[in-house]
Every structure is written in structure tokens, then in C-alpha cells.
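Student: Here's a sequence, model it:
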Amino acid sequence: MHHHDDDDHDHGLAHDLGVMDRLIERRRALRWFAGAGTAALVAGCGGGSSGETETSSSVSVVTASATPTATPTATATTTTTGACIADPTETAGPYPADGTNTASGSTSNILPVSGIVRSDIRSSFISTTTVATGVAVTLTLTLVDVNASCGALAGYAIYLWHCDRQGNYSLYSAPAESYLRGVQVTNASGQVSFTTIFPGCYSGRYPHMHFEVYSSLTAATSGKYALLTSQFAMPAAVCNTVFSDTTTYPSSKTNFASVTTANDNVFGDNTAAQIAVQTPSFSGSVAAGYTATAVIGIAR
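Tutor: Next comes the predicted model:
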């Protein structure tokens with residue numbers, strides 16, 4: 001629902017396609033390659049805080065077909081989490097690598113790649129093994145059905161991705177890397193856990209993580225039919241603490257000084273209740289790392 005017009009990273013798919021078409025016109029040397037087992041992963045415009053120009057990278061993936069009518073294979077259990085609300089839909093932005101970036105008949109999709117299903121998403125796993133550095137975060141997410149007394153949903157897949165400490169996204173403004181992306185399947189308690197780092201703050205956006213919910217692992221790795229696409233807002237107090245280390249997070253302190261959830265082009269029109277559910281609860285420290293939790297509500 002929240003597609004806005006003043007940020008280079010998160011204008012939404014329609015804008016991204018227009019930008020891609022113009023890039024293809026200007027850069028005829030670039031070609032999107034699609035074929036059995038191959039999908040092009042092509043950079044969007046202007047990466048993170050370091051201001052990269054357009055770049056491209058390609059990886060070999062296992063192609064798979066998907067249907068737009070994927071049906072959840074699991075039902076709500078009797079486990080409840082108390083009051084819950086449905087998370088709002090937010091733009092995936094131009095860097096999802098989830099099969100929704102298309103141009104000239106080709107797709108940018110990391111989800112079918114072997115290795116994407118993992119809990120620790122700090123390392124690259126396609127062409128390098130680079131580990132994304134930064135303040136450690138263990139994020140536990142609980143998926144619930146808001147139409148069934150907040151019952152936990154088992155067997156669903158959650159895809160999480162976000163920028164690195166410098167504000168760059170793997171496969172795009174960090175084209176050689178595939179870190180900070182991963183998929184997990186909810187357990188009987190509706191939970192998944194990701195080990196990652198605290199994301200940096202790049203110019204023009206409030207610090208955030210992206211996520212998508214799929215009805216099953218098969219639906220997720222087949223691509224592009226998410227039940228929910230949304231974002232998490234990082235708590236302001238934790239941002240101030242983490243970003244005070246300007247060596248580890250070189251641009252984030254300055255960038256964060258000018259943004260809030262209220263003036264952000266994605267979170268800015270959400271209600272207080274929506275912001276509350278989109279903001280994970282953090283505990284811990286920079287030195288020891290943080291643990292964080294959030295509840296994702298969907299209406300089945």
C-alpha cells in the first residue's frame with residue numbers, strides 16, 4: 001500500500017521497471033540473460049551510502065514455475081500470542097531479488113538458488129563467501145493468523161533481506177555478494193530465527209529490514225507470489241547506540257540524524273499501531289550482540 005515517490009531505493013515495482021527500461025536503452029551493452037537454469041541479477045540505480053552507479057551480476061539458478069494461486073498448506077494452531085494486527089503491505093523496493101524485478105522477459109531471482117534456505121544470513125554463498133560485518137542481531141519472528149485468535153502458523157516460509165552496514169544491498173550495489181538474504185520455514189510455534197547484523201542507514205530511508213511471507217517453502221523457492229511483502233523499522237534508541245560507532249557504520253549516524261519513521265517515505269503514513277508491530281523489540285548490547293523479536297500478522 002505504501003508506495004511513495006521520493007526515495008531512490010523504494011519507489012516500488014512500476015518505477016523500477018521504468019528505470020530498468022531506460023537503463024537498457026542507454027546501456028545496450030547490458031543484456032538480461034534467461035534460459036534453462038539461469039537468471040540475471042541486475043543492479044538497480046544508486047546503491048547505498050557510497051553512491052554506486054549501475055552494475056550487473058549474474059548467477060546460475062534452478063528455474064521453477066509458480067502459480068499465482070498458491071494456497072497455504074498449514075493451518076493455525078491453538079498457540080496464541082495475545083492481541084495482534086495484520087502487518088501493512090509495503091514496497092519491496094528495487095532490490096528484492098525475488099523474481100519481481102523483470103525486464104525484457106528475464107527475471108532477477110535468488111530464491112531458487114541452492115543455499116538460500118538458511119538461518120545465519122551473514123555470509124555470501126554464491127560466488128564468494130564474504131561475511132557481512134557489523135553488530136550481531138538474532139531476530140526471531142512469529143507468524144500468526146489475525147483471523148484465528150492470533151494462532152501460530154506453521155509451515156510458511158519467510159524471506160528476509162536488508163542492506164549491509166554501509167547501506168549496500170547484495171547482488172545490486174554490492175553486486176559480487178549474496179549476503180544478508182535468507183529463507184526460513186516456520187516451526188510448530190510459527191517461528192523462524194535469523195542470525196544477521198544490524199542494517200546501516202542510507203540516505204533518504206529510515207533503517208529497515210525487508211521481508212516476505214510465502215504459503216510454503218515450495219511457493220517461496222518457486223518465486224514471486226508472496227502472501228505479504230512488508231518491512232521492519234529498527235528501534236530509534238538502538239539505532240542511536242549502534243550508529244555511534246562511525247568506524248563500523250561510517251555514514252549511518254549522519255544519515256539517521258535526518259530521518260524518522262514519521263518522515264520516512266514508507267513508514268510515514270502508517271498508524272501508531274502499525275509502526276508498533278513493525279518495530280522489533282531489541283535487548284542486548286553492541287558488544288554482546290542483540291536479540292530481537294517481532295510478530296508478523298497475516299489475515300488468512
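Student: Please name the residues that touch A294.
Tutor: L139, T140, L141, T142, F232, V277, Q278, T279, P280, S281 (CB atoms under 8 Å, 6 or more residues apart in numbering). From N, CA and C alone the C-beta is placed, and that goes for glycine too.
Student: What are the buried residues along the strand or helix carrying it?
Tutor: If you go by DSSP states H and E, A294 is part of strand 289-298. Under the neighbour-count criterion of 16 or more other CB atoms under 10 Å, strand 289-298 has Y290, T291, A292, A294, V295, I296, G297, I298 buried.
Student: Sort out which of the contacts of A294 are in helices and list them.
Tutor: Mapping the contacts of A294 onto helices (DSSP state H) picks out V277, Q278.
Student: can you list the contacts of A294 in JSON lines and add pLDDT, neighbour count and distance to N240?
Tutor: Below are the contacts of A294 laid out as JSON lines (pLDDT from 0 to 100; neighbours: other CB atoms under 10 Å; distance: CB to CB, whole Å):
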{"residue": "L139", "pLDDT": "98", "neighbour count": "21", "distance to N240": "19"}
{"residue": "T140", "pLDDT": "98", "neighbour count": "15", "distance to N240": "23"}
{"residue": "L141", "pLDDT": "98", "neighbour count": "22", "distance to N240": "24"}
{"residue": "T142", "pLDDT": "98", "neighbour count": "21", "distance to N240": "27"}
{"residue": "F232", "pLDDT": "98", "neighbour count": "25", "distance to N240": "17"}
{"residue": "V277", "pLDDT": "96", "neighbour count": "22", "distance to N240": "22"}
{"residue": "Q278", "pLDDT": "98", "neighbour count": "22", "distance to N240": "19"}
{"residue": "T279", "pLDDT": "98", "neighbour count": "18", "distance to N240": "14"}
{"residue": "P280", "pLDDT": "98", "neighbour count": "21", "distance to N240": "16"}
{"residue": "S281", "pLDDT": "98", "neighbour count": "12", "distance to N240": "16"}
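Student: Output the contacts of A294 as CSV; include the columns distance to M209.
Tutor: Formatted as CSV, the contacts of A294 follow (distance: CB to CB, whole Å):
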residue, distance to M209
L139, 8
T140, 13
L141, 10
T142, 15
F232, 4
V277, 14
Q278, 10
T279, 11
P280, 8
S281, 14
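Student: Relative to I110, how far out is A288?
Tutor: With distances taken as CB to CB, to the nearest Å, A288 is found 31 Å from I110.
Student: Those two: who's more crowded?
Tutor: Per other CB atoms under 10 Å, whichever of A288 and I110 has more neighbours is I110, with 27 against 10.
Student: Roughly how far does that one sit from T247?
Tutor: 30 Å.
Student: Also S119?
Tutor: Distance from S119 to T247, by CB to CB: 28 Å.
Student: between these two, who's got more neighbours?
Tutor: Neighbours per residue (other CB under 10 Å) separate S119 from T247, with S119 holding more: 13 against 5.
Student: That one contacts Q184, correct?
Tutor: Yes - S119 lies in contact with Q184 (CB atoms under 8 Å); the separation is 5.9 Å.
Student: quick one: A219 is in a helix?
Tutor: Yes - under DSSP: H, G, I helix; E, B strand; the rest coil, A219 falls within a helix.
Student: Next, count neighbours for it.
Tutor: A219 has 23 nearby residues by other CB under 10 Å.
Student: ok, so what distance separates it from Y202?
Tutor: A219 is 30 Å from Y202, by CB to CB.
Student: Now stretch 187-207: buried residues?
Tutor: For stretch 187-207, the neighbour count (16+ other CB under 10 Å) marks 190-192, 194, 196-207 as buried.
Student: how long is that stretch from one end to the other?
Tutor: One end of stretch 187-207 sits 28 Å from the other (CA to CA, to the nearest Å).
Student: average pLDDT for that stretch?
Tutor: Taken as a whole, stretch 187-207 carries a mean pLDDT of 98.
Student: Determine how far that stretch lies from the middle of the whole chain.
Tutor: Remark: stretch 187-207 is offset 8 Å from the chain centroid, using CA atoms, centre = their mean, to the nearest Å.
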